[in-house]
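Colleague: below are the sequence and a predicted model; questions follow.
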Amino acid sequence: MAKTTKAAAKTAAAKNTAAKDPSQTSVGGVKMPSLTKKYLREALENKLSRFYGTTYKEATKDQIYRALLLTVKDILSQKRTEFKKNVNNQEGKKIYYLCMEFLIGKGLRNNLMNLGIADKYDAILSDMGFSLDELYDIEQDPGLGNGGLGRLAACFMDALTSQDYSATGFSILYEYGLFKQKIIDGDQIELPDTWMPSGEPWLVPRTDKTCTVRFGGQIKEEWKNGRCEITHTDYTEVQAIPYDIMISGADSEAVNSLRLWKAKSMNQNFNMALFSQGEYIRAMEESNQAEILSKVLYPADNHEGGKLLRLSQQYFLVCASLQSIIADHLRTYGSLQNFSEKVAIHINDTHPALVVPELMRILIDIYSYTWEHAWSIVTKTVSYTNHTVMPEALETWDERLFSFRLPRLHMIISEINRRFCAELWNRYPGDWGRITNLSIISHGRVKMANLSVVGSHTVNGVSKLHSEILTDTIFSDFYHDTPEKFTNVTNGIAYRRWLCYANPALAALLDETIGKGYRKDAAELEKLLAYADDKAVLDTLADIKYQNKVRLSNYLMKRNGIKIDPDSVFDVQVKRMHEYKRQLLNALHIISLYVTLKENPDLEMRPKTFIFGAKAAAGYYHAKQIIKLIYEIGKDLENDPKLSKKLRVVFPEDYNVSLAEILIPAADISEQISLAGKEASGTGNMKFMLNGALTVGTLDGANVEIAEAVGRDNIYIFGHTTPEVEDLWRQGYRAADYYSKNPTLKKAVDALKSGFNGVSFEELYHYLVFGNGTVADPYMCLADFDAYQAAHRTIAADYENRDKWNRMSLTNIAKSGIFSADRSIREYADNIWHIQPIQKKNNR
Ligand code: 26Q
C-alpha cells in the first residue's frame with residue numbers, strides 16, 4: 001500500500017476528482033466543442049456578459065452560479081442534439097418512465113462530475129476568486145418526491161443515461177415540492193418548499209409542445225358509419241406545458257430528458273372578459289382551479305390519499321405524457337402500427353395506471369382502432385412496478401367520484417373489467433370470491449393495482465423477498481392465472497452519485513487500490529476484497545470514515561447548530577417516519593441505554609451518537625409523536641452533562657437528498673429495522689453499505705440480498721422473519737406478554753410514561769402495551785426488542801476490534817456492486833422493456 005494513499009484521498013476530497021475526463025473527446029466525433037479550460041472559461045464569461053452585463057470581477061456569487069448553470073445547460077443541450085440525431089437514425093425502441101415523483105437532488109455537481117468538467121471549473125472559479133463548493137450551496141434541493149419511490153426514479157434516469165439508453169421521464173412540475181420541515185420543541189412544522197428560484201435555470205420550457213387535458217363533462221356515444229363515435233361535451237380544459245430537465249450520464253454520449261408538466265388555465269381570454277366585468281374573484285378561482293394541479297406534491301408516502309385532486313394530478317400526468325409519446329412516435333414513423341415495437345411505457349407504482357385506459361381511449365376514439373387491436377397494443381406496451389404490499393397504500397378510487405371527474409375513462413375501465421370478468425367467469429364459474437378479488441372494480445371502487453396488473457405485460461417487485469410476497473399474497477390469484485407475467489428486479493442506486501461524488505475520499509482510495517474501472521462497472525468493486533487483510537488500506541478506510549464524520553459534524557453545526565462528536569460512534573436511521581420502519585424500536589433501545597446509564601452513571605461505554613432524519617406525512621399523528629419522542633430524549637440527554645458525554649440523540653430537521661449525501665458517508669452503523677415483510681426494498685440501506693457502514697437490520701426487503709452478498713458475518717441480522725411474523729399474527733400477537741416477561745423492556749416502555757425532558761409519552765406507552773382501540777404494537781417492536789438489543793451488544797463489542805470492524809466495512813463496500821442502478825436497469829431493459837442501448841457513433 002503506497003504511503004501516499006491518505007494524501008491522495010484528501011486531495012481528491014478537496015478536488016472532487018471525476019472518473020475520466022471526456023472533455024477532450026468530442027461527442028459523436030464532430031459537433032461538440034472540445035471542453036478545454038479555455039473554452040469553459042470563455043463560455044462562463046459570455047453568459048455573465050450576456051445575461052447580467054457583468055464580468056467575473058464585478059459579478060455576485062449568485063450571478064456566477066446562474067451563469068455556470070446556463071453554461072452547463074448549453075453543453076448538455078449540444079450533447080443532446082447530437083444524441084437525438086443518433087437516436088433518430090437508429091430507430092430503436094424507447095422507454096418512457098412515468099412517475100408522480102422524481103427526487104433528483106441538486107443538479108450542478110452531478111452534471112459537472114458526469115460531464116467530467118468539475119476539476120476544470122474548480123480551477124477556473126478559484127482563479128476568479130470563487131469556489132465551486134460555495135456555488136453548490138446556492139442550489140436548493142428540488143423536493144419533487146417523498147422518498148424511496150421518487151429517488152429510485154431519479155437513480156434510474158441516471159443509469160439509463162449513463163448506459164446510453166434512449167429514455168424520457170415524465171412527471172409534474174410541482175411548484176411546491178415536499179414541505180420543508182422545521183422541528184420546534186419537538187413538533188414538526190411544515191413550511192412550503194419554494195425550490196424554484198435556484199432550480200429554475202435547469203428547466204427548458206417547451207411551450208411549443210403544450211397540450212391540453214380535459215376533465216369532467218358528459219360523454220355521448222353514437223353509432224355512425226358502422227363505428228361508435230364519442231362526443232365529449234361540457235368538459236373543463238387545462239393546458240399542460242412541458243418543462244424539460246436534461247439528464248446527464250457518466251462518461252456517456254447520451255443526454256436524456258425528464259419532462260415535467262405544469263398546469264395552466266386555458267381561460268386566459270375568458271378570464272379577461274370576467275375581469276372586465278368586474279368578476280375578479282370568479283376569474284381568479286377559475287384559473288386557480290386549473291393551476292392547482294401542479295401546485296403541490298402530495299406529502300404522503302406508503303399511504304393513499306383518496307382525494308379528487310390526486311386523481312386529477314394523475315390523469316394530468318398521464319394524458320399529457322401520452323400525447324407527447326404519441327407525437328414523438330408519429331414524427332418518426334407517421335403511424336401507430338408499430339407502436340408497441342418501438343415504445344415501452346413503464347408505470348412506477350399504480351399512480352400513473354390511468355395510462356392503460358387513456359391509451360385505449362386515444363387508440364379507439366381518436367385513431368379508430370378496434371377494441372381488440374387497441375388492447376393488444378396497450379398490453380404489449382405497458383409494464384408496472386409495485387412498491388408496496390401494505391393495504392393502506394394500495395390505491396382505490398370511489399367509482400362515482402371517478403366517473404364524475406373522468407367519465408370516458410370510467411366507461412373504458414368498466415369495459416376492460418366487463419371483458420376481464422367474463423373471461424374469469426368462464427374459467428371459474430360461480431367462484432365469486434376469486435372474481436371479486438381479481439376484478440378491477442368491486443364494491444363501488446376502482447382498484448388501481450388490479451388495473452395495472454391486467455393492463456401490463458409484466459409486473460415486478462423491487463426485491464426478491466418483496467416479489468415473492470407479491471405473488472404469495474396480494475397478487476396470488478393473478479399469479480395463479482398468469483405466472484409468466486410476474487418477475488423481480490431488485491432496486492439499485494446511482495452509485496457514482498452516492499460514492500464517487502458524495503464520498504470523494506473513499507473514491508480516491510478505490511482509484512488507487514483497484515483502479516478506476518469500478519466507476520463504469522460497479523462489479524469491479526469486488527476487487528477490493530484483495531485488500532481485506534491489508535492493514536494500511538484498512539487504516540485508511542477508518543481514517544476516511546473519521547474525516548467524513550468530521551465533515552458531517554461541521555455541516556450539522558453550520559446547518560442546524562447541532563454539535564456532535566466525531567469520536568463517538570455514529571448510528572444513523574434516516575428515512576421517512578413511518579410505524580412500519582420502526583424508528584420507535586430504535587428509540588426503545590436508546591431509552592434502555594439511557595436507563596442503564598442513569599442507574600450506573602460510571603459505566604464504561606464508548607460514546608454513541610444516534611442520528612435520525614425523517615419527515616412525517618402532515619396528517620400522520622402517530623409518526624409525529626415519534627418525532628417528538630426522539631427529540632425530547634435528545635433534549636433530556638443534553639440536560640445531563642455526564643450522560644451526554646456517552647449518549648447523544650440528534651434529529652437534524654428537513655432530511656433531504658443533500659443531507660443524505662453528507663450523512664451516509666459518515667455513518668458507522670445503518671439502521672434498517674422495519675418489521676419483516678413490510679419494507680418493499682429500501683434503497684438507503686444500499687447507499688450505507690456502499691459507503692462502508694455496517695447494517696443492523698431485519699430480514700426485510702433488500703436487506704435479505706445484502707446479507708446474502710456480504711455473508712452473515714458482515715451484517716447484524718436480528719428479529720422475526722416474514723413467516724415468523726405471520727405465525728405471530730395467526731397466534732394472536734400479544735405485546736403485553738413481551739412487556740411483562742422482559743424486565744429491561746418493561747423499564748424502557750415504562751420510561752415512556754414518566755417521559756423525557758418533562759414530556760410524558762403516555763399515548764405511545766398505551767399504543768405499545770394495550771393498543772389504542774386496535775391491536776397493541778402492530779409493528780411488533782416489543783417482539784423484536786430482545787434480539788435487537790442483543791445485536792447492538794454484539795455491534796458494540798465488534799466495534800472495539802478495529803481491524804475486524806474495518807474488514808467488515810471493506811467487505812460491505814466490495815460487495816455492494818450488485819446494488820448499482822446500472823444492473824437494475826440492464827435487467828429492466830433486457831427482460832421487461834426489450835430495449836437496447838443507442839450505439840455510440842464511433843462504434844458503428
Ligand atoms: C398515493 C396516493 C395518494 C397520495 C400519495 C400516494 C403515495 C405517494 C408516494 C403512495 C406511495 C408513495 C411512495 C412510496 C415509496 O416510496 N415506496 C418505497 O419505494 C422504494 C423504491 O422501490 C422502496 O425501496 C421502499 O421500500 C418503498 O417503501
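Modeller: Looks like it arrived, so ask away. Predicted, not measured: the structure shown is a model, and the values here were computed from it.

Colleague: and the residue of the stretch 1-150 of the chain closest to the ligand?
Modeller: In the stretch 1-150 of the chain, the residue that lies nearest the ligand is residue 148 (2.8 Å; Cβ to the nearest ligand atom). Just so you know, the C-beta spots here come from the backbone N, C-alpha and C atoms, and that holds for glycine as well.

Colleague: my guess is that residue contacts residue 385. True?
Modeller: No - counting by Cβ atoms under 8 Å, residue 148 does not reach residue 385; the two are 11.8 Å apart.

Colleague: any idea which helix or strand comes after the lowest-mean-pLDDT helix or strand in the chain?
Modeller: Every helix and strand in the chain was compared by mean pLDDT, DSSP states H and E; the lowest is helix 5-15, with a mean of 41. Downstream of helix 5-15, the first helix or strand assigned by DSSP states H and E is helix 37-52.

Colleague: how far does the following helix or strand past that next one sit from the chain's center?
Modeller: Helices and strands here follow DSSP H and E; after helix 37-52, the next one along the chain is helix 61-90. Helix 61-90 has its C-alpha centroid displaced from the chain centroid by 25 Å (Cα atoms, centre = their mean, to the nearest Å).

Colleague: could you give the angle of helix 61-90 to helix 37-52?
Modeller: Put simply, helix 61-90 runs at 110 degrees to helix 37-52, going by axes from the mean of the first three to the mean of the last three Cα atoms, to 10 degrees.

Colleague: which strands and helices lie in contact with helix 61-90?
Modeller: helix 37-52, helix 108-115, helix 118-128, helix 132-138, strand 236-248, strand 255-265 (3 or more Cβ pairs under 8 Å, 6 or more residues apart in numbering; DSSP states H and E).

Colleague: touching the ligand at all, stretch 767-779?
Modeller: No - judged by Cβ under 6 Å from any ligand atom, stretch 767-779 and the ligand are separated, with a smallest distance of 13.9 Å.

Colleague: could you tell me the end-to-end distance of that stretch?
Modeller: End-to-end span of stretch 767-779 (Cα to Cα, to the nearest Å): 11 Å.

Colleague: for the residue nearest the centre of the chain, pull up the helix or strand it's in.
Modeller: Nearest residue to the geometric centre of the chain (Cα atoms, centre = their mean): residue 151, 1.8 Å. For residue 151, the element it lies in under DSSP H and E is helix 148-162.

Colleague: got it, and residue 421?
Modeller: Judged by DSSP H and E, residue 421 forms part of helix 407-427.

Colleague: can you give the contact residues for that helix?
Modeller: Outside helix 407-427, the residues within contact range by Cβ atoms under 8 Å, 6 or more residues apart in numbering are 216-219, 230, 232, 315, 354, 356-358, 360-361, 364-365, 371, 375, 399, 402-403, 434-435, 438-441, 446, 451, 454-455, 481.

Colleague: rewinding a little: off-centre distance for the helix holding residue 151?
Modeller: With Cα atoms, centre = their mean as the basis, helix 148-162 stands 8 Å off its chain's centre.

Colleague: next, the angle from it to strand 236-248.
Modeller: If you take the same axes, to 10 degrees, helix 148-162 sits at 50 degrees to strand 236-248.

Colleague: which residues sit against stretch 34-47?
Modeller: Outside stretch 34-47, the residues within contact range by Cβ under 8 Å, 6+ apart are 23-24, 26, 33, 55-56, 64, 66-68, 70-71, 74-75, 115-117, 120-121, 123-124.

Colleague: report the buried members of those.
Modeller: Buried members of those, counted by 16 or more other Cβ atoms under 10 Å: 23, 56, 64, 66-68, 70-71, 75, 115-117, 120-121, 124.

Colleague: the helix or strand containing residue 287: what's the following helix or strand?
Modeller: For residue 287, the enclosing helix or strand under DSSP H and E is helix 280-291. Toward the C-terminal end, the helix or strand that comes next after helix 280-291 (DSSP H and E) is helix 308-333.

Colleague: that following helix and the ligand, are they touching?
Modeller: Yes - applying Cβ under 6 Å from any ligand atom, one finds that helix 308-333 is in contact with the ligand at residue 310.

Colleague: so after that helix, what's the next helix or strand?
Modeller: helix 339-342.

Colleague: so what does that following helix touch, helix or strand wise?
Modeller: helix 308-333, helix 371-381.

Colleague: list the buried residues in stretch 233-244.
Modeller: For stretch 233-244, using 16+ other Cβ under 10 Å, the buried residues are 235, 238, 239, 240, 241, 242, 243, 244.

Colleague: which secondary structure element contains residue 610?
Modeller: Using DSSP H and E, residue 610 sits within strand 608-613.

Colleague: quick check: residues of the stretch 651-800 of the chain near the ligand?
Modeller: Residues of the stretch 651-800 of the chain lying close to the ligand by Cβ under 6 Å from any ligand atom are 679, 680, 681, 682, 683, 701.

Colleague: now do the chain
Modeller: 146-149, 152, 298, 300-302, 304-305, 310, 387-388, 393, 395, 462, 491, 679-683, 701.

Colleague: just the buried residues out of those, in PyMOL syntax.
Modeller: Of the residues of the chain next to the ligand, the buried ones can be selected in PyMOL as follows, counting by 16+ other Cβ under 10 Å:
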select buried, resi 146+147+148+149+152+298+300+301+302+304+310+387+388+393+395+462+491+679+680+681+682+683+701
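
Colleague: one step back: check the offset of the strand holding residue 610 from the chain's centre.
Modeller: 22 Å.

Colleague: in its sheet, what does that strand sit against?
Modeller: Taking DSSP bridges as the criterion, strand 608-613 sits next to strand 569-574 (parallel), strand 647-650 (parallel) in its sheet.

Colleague: quick one: average confidence on the first one?
Modeller: Going back to what we said before, that points to strand 569-574. The pLDDT scores in strand 569-574 average 99.

Colleague: can I get it in CSV? Just the C-alpha atoms.
Modeller: Only the C-alpha atoms of strand 569-574 are listed here, as CSV (Å, rounded to 0.1, in the frame of the first residue of the first chain):
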residue,chain,number,x,y,z
VAL,A,569,-19.9,6.0,17.1
PHE,A,570,-22.4,7.4,14.6
ASP,A,571,-25.5,5.2,14.4
VAL,A,572,-27.9,6.5,11.8
GLN,A,573,-31.5,6.0,10.9
VAL,A,574,-32.7,8.2,8.0
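
Colleague: name the next helix or strand following that strand along the chain.
Modeller: Next element after strand 569-574 (DSSP H and E): helix 583-599.

Colleague: just the CA atoms of stretch 717-737, as CSV, please.
Modeller: Output of stretch 717-737 as CSV, limited to C-alpha atoms (Å, rounded to 0.1, in the frame of the first residue of the first chain):
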residue,chain,number,x,y,z
ILE,A,717,-29.3,-9.5,11.3
PHE,A,718,-31.9,-9.9,14.0
GLY,A,719,-35.6,-10.3,14.7
HIS,A,720,-38.5,-12.3,13.4
THR,A,721,-38.6,-13.3,9.8
THR,A,722,-41.6,-12.8,7.5
PRO,A,723,-43.1,-16.3,8.1
GLU,A,724,-42.4,-15.9,11.8
VAL,A,725,-44.2,-12.6,11.8
GLU,A,726,-47.2,-14.2,10.1
ASP,A,727,-47.2,-17.0,12.6
LEU,A,728,-47.2,-14.5,15.5
TRP,A,729,-50.2,-12.8,13.8
ARG,A,730,-52.1,-16.0,13.4
GLN,A,731,-51.5,-17.0,17.0
GLY,A,732,-52.8,-13.6,18.1
TYR,A,733,-49.9,-11.2,18.8
ARG,A,734,-49.9,-10.1,22.5
ALA,A,735,-47.4,-7.3,23.0
ALA,A,736,-48.2,-7.2,26.7
ASP,A,737,-46.6,-10.7,27.2
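
Colleague: contacting residues around it?
Modeller: The contact list for stretch 717-737 (Cβ under 8 Å, 6+ apart) reads 465, 469, 673, 675-677, 696-700, 703, 707, 768-771, 775-777, 780, 782-784, 787-788, 790-791.
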